[in-house]
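Peer 1: need a 3D model of the sequence below.
(one chain, ligands or ions: 2)
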Amino acid sequence: MSAFAQVAEYSAKHPKPSDITFEYGTAGFRTIGETLESTVFRAGLLAALRSQSKHGQVIGVMITASHNHERDNGVKLVDSMGEMLQQSWEGYCTDIANASSDSQVVDILASIAQLEGIDMSIRPKVAYARDTRPSGPLLQAALEDGLAALDVEATNFGIVTTPQLHYFVRCLNTANSPSPYGEPTESGYNTKYGQAFLRLVDGKPLPSTLHIDAANGVGAPQVRKLADAIGSPYFNIEVNNGDTDTLGKLNIDCGADYVKSNQRSPVGTTLVPSGRYCSFDGDADRIVYYYADDHGIFHLLDGDKISTLVATYLRDLVAAAGVTDLQVGVVQTAYANGSSTSYIKDTLRLPTVFAKTGVKHLHHEAEKMSIGAYFEANGHGTVLFNPCAVEKLQAVRPATPAQADAINRLWALRDLINESVGDAMSDMLLVETILICKGWTLEQWDAAYTDLPSRLLKVVVNDRNIFKTTDAEQKLTSPLGLQGVVDSLVAKFPKGRSFVRPSGTEDAVRVYAEAATRSDCDQLAYAVAGAVFDKAGGRGDRPAEFL
Ligand SMILES: CC(=O)N[C@H]1[C@@H](OP(=O)(O)O)O[C@H](CO)[C@@H](O)[C@@H]1O
Ligand SMILES: [Mg+2]
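Peer 2: Ligands and ions are numbered 1, 2, ... in the order given. Here you go, the predicted structure:
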């Protein structure tokens, strides 16, 4: 009997909407939840094949739409070390999601199996989870049908954060290796990160309550469990926007994306000077911090501020450990504030590179560094320790207690960091550790450099696919002539910088601008947005603020 004998019958239960073309983009598939049943079913089939192509290693499937609206949902595959799906498989995902009949689904599976030389006798293994969205149960059932159709050995991790699922996958696949990543359970996660935190802070509790805005998403119950595992009095937190039961609240006027995009505190949070605040996004893979100064003015500590804090701390520890030829580097995207890039290059004197938007691109660049910190400005990122760096650290024979302490701290930091993917909870512990060790307030952390005023806009156009970019997405090569217009606008403003790229997750084109003053920055952003709207098929009414 063919390995795919049951697929057509199961597939018939989850017909593809004929009017939608799906694309596996920057963050997997993402659109209106109810329309994704066929896609999630088929993602299950592909996860099975991917597992077989990896000789039976566990592959993850996460059902989430992160910071997007509650009616949206999405699905993405997690590769065997907990990283994003290998890029060459993304095309397979898109192909199978768009197959127009059940028999075509089977044909595509058969052709992938042949192309990849897959041994169909291997029993596939898949681990899956979802966030708190209302369409989650429907999509989970579709996924389970996909897994049943290929007789997958499946593990349901329930409702957890995206980074927790990545962690579980990595744990499962390293369980029998010389360096197991951890125990693949929620309590294993909390113990691993909680214990590393306690080792690093040496008995010191948080300086004051940390107010966490959990976007009314899955981060709320999970961070409460993490705090319980760490225990009082070390980790005093208050969770705001932690309502995952009431419909219509997820990510609305709250969460990391809202706070970063609007540069304002989330609903229900009144900032008190010297209070400490952070926001997760809907699936808790992003985090930003913020505070109000003595005049009540809001200040954001975004992904750039986190990466510079972390890179500085790691650089100093590596120096204290006396390990030469071990370089800490930073990976950013073009959305990084220009001040942060100058600070990394000129003040910290660390190497920095730009990668394309989307964490998988940053992750791959960071892998090339000895110790690579990567963060998107929106707060998604982590730190990677290259195996060569680990070997160098292992080879050190400390000559002084200070050197031994630095090495111990580096090992503990490695345990504190979720290397598989950016993780709001692990990043929060990392930031808190560094602040405690330095004895810093949020204001002191913020003092390292001052952000240039920046603005991010969306332009809705008839066809965003005509936008092509080069140079880490900073220059347009198409539509022809538009980059020249952007360049001439940028040249008018001191410290001006602006670029245009098609979004990988929304049907829109993004315009980013920064300049020396708020008014220059806004003029530049709205002028570039206006040029995009006029010259590249702006759709609908022209927004009044566009110049
Ligand atoms: C400017 C911006 O924040 N872009 C986001 C957004 O991608 P776009 O391709 O810009 O839509 O969603 C991605 C997935 O969450 C995230 O990685 C990225 O940083
Ligand atoms: Mg997210």
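Peer 1: from now on I want contacts and neighbour counts done on CA atoms only, so please keep to that.
Peer 2: Will do.
Peer 1: which residues of this protein lie near ligand 1?
Peer 2: The chain has residues 26-27, 357-359, 376, 378, 503-506 near ligand 1, with proximity defined as C-alpha under 6 Å from any ligand atom.
Peer 1: how about CSV for the residues you listed, with secondary structure, neighbour count and pLDDT added?
Peer 2: Shown next, in CSV, are the residues of the chain next to ligand 1 (DSSP: H, G, I helix; E, B strand; the rest coil; neighbours: other C-alpha atoms under 10 Å; pLDDT from 0 to 100):
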residue, secondary structure, neighbour count, pLDDT
26, strand, 18, 82
27, coil, 19, 88
357, coil, 19, 95
358, coil, 17, 93
359, helix, 24, 91
376, coil, 26, 98
378, coil, 22, 97
503, coil, 18, 93
504, coil, 18, 86
505, coil, 18, 82
506, coil, 15, 84
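Peer 1: farthest-apart pair in the residues you listed, please.
Peer 2: 376 and 506 (17.3 Å; C-alpha to C-alpha).
Peer 1: got JSON lines for the residues of the chain next to ligand 1, with distance to ligand 2 too?
Peer 2: Output for the residues of the chain next to ligand 1, formatted as JSON lines (distance: C-alpha to the ion, whole Å):
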{"residue": "26", "distance to ligand 2": "12"}
{"residue": "27", "distance to ligand 2": "9"}
{"residue": "357", "distance to ligand 2": "14"}
{"residue": "358", "distance to ligand 2": "11"}
{"residue": "359", "distance to ligand 2": "11"}
{"residue": "376", "distance to ligand 2": "12"}
{"residue": "378", "distance to ligand 2": "10"}
{"residue": "503", "distance to ligand 2": "15"}
{"residue": "504", "distance to ligand 2": "14"}
{"residue": "505", "distance to ligand 2": "12"}
{"residue": "506", "distance to ligand 2": "14"}
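Peer 1: next, count neighbours for residue 5.
Peer 2: Counted with other C-alpha atoms under 10 Å, residues neighbouring residue 5 total 12.
Peer 1: confirm it sits in a strand?
Peer 2: No: counting by DSSP: H, G, I helix; E, B strand; the rest coil, residue 5 is located in no strand; its state is coil.
Peer 1: could you check which residue of the stretch 1-150 of the chain lies nearest ligand 2?
Peer 2: Ligand 2 sits closest to residue 66 of the stretch 1-150 of the chain, with a gap of 3.9 Å, by C-alpha to the ion.
Peer 1: count the neighbours of that residue for me.
Peer 2: Neighbours around residue 66, by other C-alpha under 10 Å: 27.
Peer 1: how about residue 183?
Peer 2: 19.
Peer 1: tell me which parts of the stretch 251-400 of the chain are close to ligand 2?
Peer 2: 283, 285 (C-alpha under 5 Å from the ion).
Peer 1: where along the stretch 251-400 of the chain do the strands fall?
Peer 2: With DSSP state E, counting those that start in this stretch as the criterion, the stretch 251-400 of the chain has strands at 276-280, 287-292, 298-301, 328-332, 352-354, 371-375, 381-385.
Peer 1: between those strands, which gets nearest to residue 126?
Peer 2: strand 381-385 (24.5 Å).
Peer 1: strand partners (parallel or antiparallel) of that closest one?
Peer 2: strand 371-375 (antiparallel) (DSSP bridges).
Peer 1: as PDB, could you dump the C-alpha coordinates of the partner strand?
Peer 2: Output in PDB follows, covering the C-alpha atoms of strand 371-375 (Å, rounded to 0.1, in the frame of the first residue of the first chain):
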ATOM      1  CA  ILE A 371      29.000  35.100  19.500                       C
ATOM      2  CA  GLY A 372      26.300  36.800  17.400                       C
ATOM      3  CA  ALA A 373      23.500  38.900  19.000                       C
ATOM      4  CA  TYR A 374      20.700  39.500  16.600                       C
ATOM      5  CA  PHE A 375      17.600  41.600  17.100                       C
END
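Peer 1: ok, residues contacting that strand?
Peer 2: 303-304, 306-307, 310-311, 326-332, 359, 362-363, 366, 381-386, 389 (C-alpha atoms under 8 Å, 6 or more residues apart in numbering).
Peer 1: looking at the stretch 1-150 of the chain, which residue is nearest ligand 1?
Peer 2: residue 27 (5.0 Å; C-alpha to the nearest ligand atom).
Peer 1: now for that residue: which residues touch it?
Peer 2: Under the criterion of C-alpha under 8 Å, 6+ apart, the neighbours of residue 27 are 76, 358, 504-505.
Peer 1: if you set the cut-off to 7 Å instead, what comes out?
Peer 2: Each residue near residue 27 by C-alpha atoms under 7 Å, 6 or more residues apart in numbering is listed here: 76, 505.
Peer 1: any weak-confidence spans in the chain?
Peer 2: Applying pLDDT under 70 to the chain picks out residues 1.
Peer 1: residue numbers of it in contact with ligand 2?
Peer 2: Contact residues, the chain versus ligand 2 (C-alpha under 5 Å from the ion): 66, 283, 285.
Peer 1: go with 8 Å
Peer 2: The chain comes close to ligand 2 at residues 65-67, 162, 281-286, 380, as judged by C-alpha under 8 Å from the ion.
Peer 1: which two from these end up farthest apart in space?
Peer 2: The widest separation within the residues of the chain next to ligand 2 (C-alpha to C-alpha) is 14.6 Å, between 65 and 380.
Peer 1: in the host helix or strand of residue 221, what's buried?
Peer 2: Here residue 221, judged by DSSP states H and E, is contained in helix 219-230. When burial is assessed from 16 or more other C-alpha atoms under 10 Å, helix 219-230 yields the following buried residues: 219-223, 226-230.
Peer 1: repeat for stretch 519-526
Peer 2: Neighbour-count burial for stretch 519-526 flags 520-526 (criterion: 16+ other C-alpha under 10 Å).
Peer 1: run through who's touching it.
Peer 2: 453-455, 489-490, 493, 511-515, 545-547.
Peer 1: apply 10 Å and report the result again.
Peer 2: 452-457, 486, 489-499, 511-515, 517-518, 527-532, 543-547 (C-alpha atoms under 10 Å, 6 or more residues apart in numbering).
Peer 1: restricted to strands, list those.
Peer 2: Among those, the ones falling in strands (DSSP state E) are 454-457, 497-499, 511-514.
Peer 1: what's the closest of the residues you listed to residue 203?
Peer 2: Taking those together and measuring to residue 203 by C-alpha to C-alpha, the closest member is residue 454, at 39.6 Å.
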